[in-house]
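# sequence first, then the predicted structure, then my questions.
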Amino acid sequence: MQSLGKEDCGLSNGIHTSRSRYYILPCFLLFYRGEKILNHVLNVMSSFIMGNDSPTFDGQNGHVVMIDHLNRITAVVGILLLMNEDAKVWQMLQCYKKETDSILQNILTVMSDGDNLRIEEKHRVQCSYDRLKRLFTL
């Protein structure tokens, strides 16, 4: 899924895209039948970006674990881009402005708190934000 979030000017490996759709289709079917699931998934995505789902301290080794925000953002953006390709899911998604705004806000937060991000990582996060912003304003 990581490659889905990369800027590739619309070019992607057809096999990879087909496989991604194959695995995500059951999720779409769940969304069709229960919008509460979609709401929950969007809220989890928002938390996932910030790293609120995992501890920041590895008690086994006694090390602080750095959250890989870039890969988390790339994964969320990739999934949302796949959701955009399904007209019914995308139409449903338009009803969840609060949740999608929260995702965008969390990406902005990562960018503004991005002391741990290198310049190229900040650029990739900015590109991901811009892609989602364009998508959500259509």
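That came through fine. Residues are numbered from 1 along each chain as shown.
# what are the ranges of the helices in the protein?
14-33, 35-50, 69-84, 87-93, 97-112, 119-136 (DSSP state H).
# which neighbouring elements make contact with the shortest one?
Right, helix 87-93. If contacts are counted by 3 or more C-beta pairs under 8 Å, 6 or more residues apart in numbering; DSSP states H and E, helix 87-93 sits against helix 14-33, helix 35-50, helix 69-84. Backbone N, C-alpha and C define where each C-beta goes, glycine included.
# just give me how far that helix sits from the chain centre.
Centre-to-centre, helix 87-93 and its host chain are 16 Å apart (C-alpha atoms, centre = their mean, to the nearest Å).
# what lies in contact with that helix?
28, 31, 32, 35, 38, 42, 83, 84, 100 (C-beta atoms under 8 Å, 6 or more residues apart in numbering).
# and these, which are buried?
Buried members of the contacts of helix 87-93, scored by 16 or more other C-beta atoms under 10 Å, are 28, 31, 38, 42, 83, 84, 100.
# got these as JSON lines, with pLDDT columns?
Converted to JSON lines, the buried ones among the contacts of helix 87-93 look like this (pLDDT from 0 to 100):
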{"residue": "28", "pLDDT": "92"}
{"residue": "31", "pLDDT": "92"}
{"residue": "38", "pLDDT": "94"}
{"residue": "42", "pLDDT": "96"}
{"residue": "83", "pLDDT": "91"}
{"residue": "84", "pLDDT": "91"}
{"residue": "100", "pLDDT": "95"}
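# would you point out the most distant pair within those?
Using C-beta to C-beta, the pair of those lying farthest apart is 28 and 100, separated by 16.9 Å.
# quick check, pLDDT for the residue most central in space within the chain.
When C-alpha atoms, centre = their mean is applied to the chain, the residue found nearest the centroid is residue 76 (1.2 Å). Residue 76 is assigned 95 on the pLDDT scale.
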